[in-house]
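[1] Using only what follows, build the 3D model:
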Amino acid sequence: MSLELKQKQFNSAMELYESRKRYKLLGRFVSITNISLQIYTLSYALTLAIGFWWQIVSIIAAYLVTDFINGLVHLYMDDNENYDSLAGPFIANFHLHHRTPRYQDNNLLIMYFNETGSKIWLVFYLVGLAILFHLPNMNPFLLYTLTYVGILSSIAEISHYLCHNSNSAVVMFLIRIKLLLPKREHAIHHLKDNVSYTFLNGVTNPLVDFIAKMFFTGYKNKTDLHYAKYSGSNMPRH
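    Numbering: from 1, shown residues only. The predicted structure is shown next:
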């Protein structure tokens, strides 16, 4: 399919995103649903006892899994060019993050709410997790880990936002101890092609980069070209 046609499809998808209220309303609905399910699953998890050290192991495991899963979603979305699909306006809006060196400053709680609204896949994950809590003989360690993954998937968006917007001493400390995404590592994603997709703390980047190299062709000569003729000022979500 020609580049010109893809650019027209992109612009049409963005016009829908900016002009139809239903896309913004869906984002708010997704945010409310995800956050409600995060609270629901965490409240059930907290009734389970696994001990202090297993909690630490669970959090570490959840960090690794979250970084990897959200990196894969990022990889898939960067390659996605189905602008004429039902999800097309969301896909087009997602691609705009590549041209955004800095996001609009905002309260972190507001950012948490707004960015959680872009994670439609997380609704299905959290619904499935909520069901697991009502099944017999489920492993408490597994339930805790999956619950933390559900929450950290939203925190990953905050990590990405801070990577672009903050140089505070606290953020830089959290980056140094590998709790947040390193700025230099994420800059590679914007400067090079088909690399550095993960955005919680970047630890699983080598694995995601391997998958990207094996199965994907990159974005700089593909989807990054599709918004070249887009002139809107919409601030994208990641």
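
[2] from what I can see His160 touches His189, true?
    No: counting by C-beta atoms under 8 Å, His160 does not reach His189; the two are 10.0 Å apart. C-beta: built from backbone N, CA, C; applies to glycine.

[3] Enumerate every residue touching Phe141.
    Ile50, Trp54, Val57, Ser58 (C-beta atoms under 8 Å, 6 or more residues apart in numbering).

[4] Helix or strand: which one has it?
    Element membership of Phe141 [criterion: DSSP states H and E] is helix 140-165.

[5] Check which helices and strands the helix or strand following that helix sits against.
    On the C-terminal side of helix 140-165, the closest following helix or strand by DSSP H and E is helix 169-176. Packing partners of helix 169-176 (3 or more C-beta pairs under 8 Å, 6 or more residues apart in numbering; DSSP states H and E): none among the helices and strands.

[6] got the contact list for helix 169-176?
    By C-beta under 8 Å, 6+ apart, the residues outside helix 169-176 that reach it are Leu162, Cys163, Leu180, Leu181, Pro182, Lys183.

[7] The nearest residue to the last one once chain neighbours are set aside and Ile91, how far apart?
    Read that as Lys183. Nearest in space to Lys183, with sequence neighbours left out and distances taken as C-beta to C-beta, 6 or more residues apart in numbering, is Cys163 at 5.5 Å. Going from Cys163 to Ile91 by C-beta to C-beta, to the nearest Å gives 22 Å.

[8] just Leu3 next, same as before
    Here Leu3 is placed at a distance of 17 Å from Ile91 (C-beta to C-beta).

[9] On the pLDDT front, check Met1 for me.
    pLDDT, Met1: 74.

[10] If you tally nearby residues, what's the number for it?
    For Met1, the neighbour count with other C-beta atoms under 10 Å is 7.

[11] how about the nearest residue to Ser196, chain neighbours excluded?
    Here the residue nearest Ser196, using C-beta to C-beta, 6+ apart, is His189, at 3.9 Å.

[12] Kindly confirm whether my reading is correct that the one you found touches Gly202.
    No: using C-beta under 8 Å as the test, His189 is too far from Gly202 to be in contact (9.6 Å).

[13] Comparing those two, which residue is more hemmed in?
    Gly202 (25 against 22).

[14] Pull the contacting residues for the more buried one.
    Going by C-beta under 8 Å, 6+ apart, the list of residues near Gly202 reads Asp67, Leu181, Pro182, Glu185, His186, Ser196.

[15] show me the biggest helix of this protein in terms of residues.
    Longest helix of the chain, by residue count under DSSP state H: helix 52-79.
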